[in-house]
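**Q** Give me a model of this one.
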Amino acid sequence: MLCMKCGMDNVDNTSGYCLYCNAKLPPSSFYNVVQSPKQETGRMDAVKQYCDSMKAGSITKEVFGNYISSTYYHLVDLSSGIYETVDSENYLESAPDEVNAGYEGMQLWEGGLTEIYLYVDDDDISHIDNGFAMIQQGNELINKAMMLNRDLRNEGVVGTL
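**A** From the prediction side, this is the model:
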């Protein structure tokens, strides 16, 4: 895993801190996503499948609600690690466009899942459609942040997410 601060490779390092400069390393699950330059749609596709299944009546509200809720809490957990890493390593200063796109994307994802979950309470199908539209926008911004990250790495800029 490459250190975001000094750029050194931390092969097989599980300590959470760079072996060279002692900077905090991001969670490995986040690092793997950020490293990928391709468009990520896996989680969004899974949410879409659950939304479509709910709208078609092929799953229960309980199954749907549990999936949306667990996805929401999983993403909140991931984003808290990202926020902590950005704050502790001052990434906002070196890559404001990347950080802002990523933050806005994460907020849209969380807001979209919250909107979708409202369907469980009131059966208003517009919650599913509106929430998924927010998730799509959030996903586009997160992919933009990943592309900006890749571009900055290719330019040799260190200290980016």
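
**Q** where are the low-confidence patches of this structure?
**A** Segments of the chain classed as low confidence (criterion: pLDDT under 70) are 1-10, 20, 26-39, 156-161.

**Q** Hmm, Thr114 and Asn130 touching each other?
**A** No. Under the criterion of Cβ atoms under 8 Å, Asn130 lies out of contact with Thr114, with a separation of 10.7 Å. Bear in mind the C-beta positions are built from the backbone N, C-alpha and C, glycine included.

**Q** Overlap in contacts, these two.
**A** By Cβ atoms under 8 Å, 6 or more residues apart in numbering, Asn130 and Thr114 have no common neighbours.

**Q** Leaving out sequence neighbours, find the closest residue to Gly16.
**A** Taking Cβ to Cβ, 6 or more residues apart in numbering as the measure, Gly16 lies nearest to Leu25, with 5.7 Å between them; neighbours along the chain are not counted.

**Q** Isn't that neighbour up against Cys18?
**A** Yes. With contact defined as Cβ under 8 Å, Leu25 reaches Cys18; the gap is 6.1 Å.

**Q** Where does the residue most central in space within the chain sit, in terms of helix or strand?
**A** With distances taken as Cα atoms, centre = their mean, the residue of the chain nearest its centroid is Met106 (5.5 Å). With elements taken from DSSP states H and E, the one containing Met106 is helix 96-122.

**Q** Quick one: list the elements packing against that helix.
**A** Secondary structure elements in contact with helix 96-122, counted by 3 or more Cβ pairs under 8 Å, 6 or more residues apart in numbering; DSSP states H and E, are helix 42-56, helix 61-89, helix 91-94, helix 126-154.
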